[in-house]
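A.B. asks: Starting from these lines, generate the structure:
(one chain, ligands or ions: 3)
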Amino acid sequence: MSALVLPDAGLPVAETFGPTIQGEGPTAGQRALFLRLGGCNLACDWCDTPYTWDGKRYDLRKEIGRVPVVELAEWAAGHPHAIIVITGGEPLLHQRTDAWRSLMAVLRYTTRRVEIETNGTLAPQPVSLGVPRLTFNVSAKLANSNMPEERRIKSDTLEVFADLAHRGRARFKFVAAGPDDLEEIAALVERFRLPPHATWVMPEGTTAERTIEVARALADDVIARNWNLTMRQHVLLWPGERNR
Ligand SMILES: Nc1nc2[nH]cc(C(=O)O)c2c(=O)[nH]1
Ligand code: SF4
Ligand SMILES: [Mg+2]
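C.D. replies: Ligands and ions are numbered 1, 2, ... in the order given. Here you go, the predicted structure:
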């Protein structure tokens, strides 16, 4: 990474970890560094990272600290053979900060592949779209998240991500708790004209047993609908562990 970083107030970081492997989605199994930012605009029932946003259950001042982008850039430069995954929480909440702009400036001038894990409710800004080799893993939430539809489904934003998916810069990853959820996914695929090849289904679950059980109940139906299925490899390998 380049040393060309503007001074900044830093990003609210819950954790940095890796190299590990990207556990989910089209690049599952690839060596990856993770930057997990604090804050989320949703509060899903089955969230596996509530320590990034839930001030009722966690002391967020302890969980989240500001880290200057120059430090993040040095950390990433020390592990050149790994993709960079920016996740949260909801990382796109920070897009309008100087620190985010600096981070994107750093990433812009690298040959690294970058992925942003997002819940699909906040539109990607030009500063983020300007990073080559950056793709969005859009995990729009279903009713099983227990979030009201008007909070989790933002039509204008999903249209933007759908367009990006057709251009190979986004893919959709839906967390399904059982076969009934596939009808809800189908309705979204149709409504936003999501490309089937960019539509991924991932089993809900925080234990290996549960993830496998749900995936087995989904697999044939997912294949029949021309979509893709992804496990959560980090849950299979390191269930319940943070920083993996
Ligand atoms: N290994 C690993 N892969 C992941 N892919 C997405 C993750 C996330 O929490 O957003 C994640 C994670 O926390 N760990
Ligand atoms: S959008 Fe993601 S980080 Fe936010 S509450 Fe839902 S599962 Fe958790
Ligand atoms: Mg996650």
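A.B. asks: ok now the longest strand seen in the chain, how far from the chain's centre?
C.D. replies: In the chain, taking DSSP state E as the definition, the longest strand is strand 11-21. In terms of C-alpha atoms, centre = their mean, to the nearest Å, the centre of strand 11-21 is set 13 Å apart from its chain centre.
A.B. asks: near ligand 2 at all, it?
C.D. replies: No: Strand 11-21 lies out of reach of ligand 2 by C-beta under 6 Å from any ligand atom, never closer than 10.1 Å. Every residue, glycine included, has its C-beta placed from N, CA and C.
A.B. asks: Gly130 and Tyr109 touch, don't they?
C.D. replies: No: assessed by C-beta atoms under 8 Å, Gly130 is found out of contact with Tyr109, at 11.1 Å.
A.B. asks: how close does the residue most central in space within the chain get to Ala77?
C.D. replies: Centroid-nearest residue in the chain: Glu117, 1.5 Å away (criterion: C-alpha atoms, centre = their mean). Noted for Glu117: a distance of 22 Å to Ala77, by C-beta to C-beta, to the nearest Å.
A.B. asks: got it, and Leu35?
C.D. replies: Using C-beta to C-beta, Leu35 is found at 13 Å from Ala77.
A.B. asks: Equivalent analysis for Asn146, please.
C.D. replies: As judged by C-beta to C-beta, Asn146 and Ala77 stand 41 Å apart.
A.B. asks: And for Arg210?
C.D. replies: Here Arg210 is placed at a distance of 38 Å from Ala77 (C-beta to C-beta).
A.B. asks: again, but for Asp59
C.D. replies: Taken as C-beta to C-beta, the span from Asp59 to Ala77 is 32 Å.
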